[in-house]
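Visitor: Provide a 3D model corresponding to the input given below.
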Amino acid sequence: MRDILAEEGRRTIGSSLSQAGQSSDCNLKAVCHQEIALKIEEAIEMLKREDQDGAMDLLDGIETTICSDSSPCLDGDCSAKALEAIHDVKALLSAYFTLRPKLLQGGKEIVHFNEMTHEVEFSSQDVERAIAPLSNSWRITILRMLSKNERSMSEIGKALNMKTGHLQFHMRALKDAGYITSDRRRRTYSITIRGERAINGLAELMASLG
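Guide: Numbers count the residues shown, from 1 in each chain. A predicted model of the protein is given here:
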């Protein structure tokens, strides 16, 4: 998973700096972009060492330099694109460090600590399966509703003003992922411990992104 995030970070920075370079006539752009790329590589190495604070501090330092009155940047649009790319990389790192201990698979944690290498291990496929059902605003809303109290399908549908077929689609995705469960006798749905951890993890992620 760290390798995937590292490559995504490089791709994000590379694409944004390339766009900035094409539209900028600044004489310093080549030197600035090279310096930013080197700093991003340093942050990626810190990611591999599980040094969250170090990586974030490094990225914060780049942002501060670009935004400061003493910034050497001579092109506002170019610096804006660089800042946007750095923000995206920080978002990737925040997602990794915030969500990884919250992810569960079948009632068991899908992240494991290797006592030999002292590294946290999990497969990218497991992470994708855990996060994919959460990438929808309706499902997040449903989880929030159920975190307060159990509800029937009709109650949820009425609260969301959603057609039954559409609601069933979202409920099935959440149930298959283990975030909610149903009581056939009472015909109600409730959030699971896994679902509560997902909500808490997302709250921490949003807080860390400001």
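
Visitor: Quick check: Ile180 touching Tyr189?
Guide: Yes: because the distance of 5.3 Å satisfies C-beta atoms under 8 Å, Ile180 is recorded as touching Tyr189. All C-beta spots, glycine's among them, are computed from the backbone N, C-alpha and C.

Visitor: hey, what's in contact with both of these two?
Guide: When contacts are counted by C-beta atoms under 8 Å, 6 or more residues apart in numbering, the set common to Ile180 and Tyr189 consists of Leu146, Met171.

Visitor: any idea which element Met162 lies in?
Guide: Remark: Met162 resides in no helix or strand, with elements defined by DSSP states H and E.

Visitor: distance of the residue nearest to Ala132 when sequence neighbours are not counted from Asp88?
Guide: In space, not counting the residues next to it along the chain, Ala132 is nearest to Ala177; the distance is 7.8 Å by C-beta to C-beta, 6 or more residues apart in numbering. Computed with C-beta to C-beta, to the nearest Å, the distance linking Ala177 and Asp88 is 26 Å.

Visitor: okay, the two: which has more neighbours?
Guide: Comparing Ala177 with Asp88 by neighbour count (other C-beta atoms under 10 Å), the higher total belongs to Ala177, at 21 against 15.

Visitor: lowest confidence element among the helices and strands of the chain?
Guide: None of the helices or strands of the chain scores lower by mean pLDDT, DSSP states H and E than strand 104-105, at a mean of 42.

Visitor: can you give me the strands in this structure?
Guide: Here the chain has its strands, by DSSP state E, at 104-105, 108-109, 112-114, 119-121, 180-183, 188-191.

Visitor: Just the mean pLDDT for the fourth one, thanks.
Guide: When you say that, I think you mean strand 119-121. Along strand 119-121, the predicted confidence averages to a pLDDT of 52.

Visitor: cool, and the second one?
Guide: Taken as a whole, strand 108-109 carries a mean pLDDT of 46.

Visitor: follow-up on the earlier one: can you give me the separation between the residue nearest to Ala132 and Ile66?
Guide: Ala177 sits 40 Å away from Ile66, going by C-beta to C-beta.

Visitor: wait, isn't Met153 in contact with Thr164?
Guide: Yes: counting by C-beta under 8 Å, Thr164 is a contact partner of Met153 at 7.4 Å.

Visitor: Between those two, which has more neighbouring residues?
Guide: When Met153 is set against Thr164 and neighbours are counted by other C-beta under 10 Å, the residue ahead is Met153, at 15 against 10.

Visitor: ok, now which ones touch the more buried one?
Guide: Under the criterion of C-beta under 8 Å, 6+ apart, the contact partners of Met153 comprise Thr164, Leu167, Gln168, Met171, Arg187, Tyr189.

Visitor: pLDDT wise, what is the first one at?
Guide: Translated: Thr164. On the pLDDT scale, Thr164 is placed at 85.

Visitor: quick one, helices of this structure?
Guide: Assigned by DSSP state H, the chain shows helices spanning 2-23, 29-48, 52-67, 76-99, 124-131, 137-148, 153-160, 164-176, 193-208.
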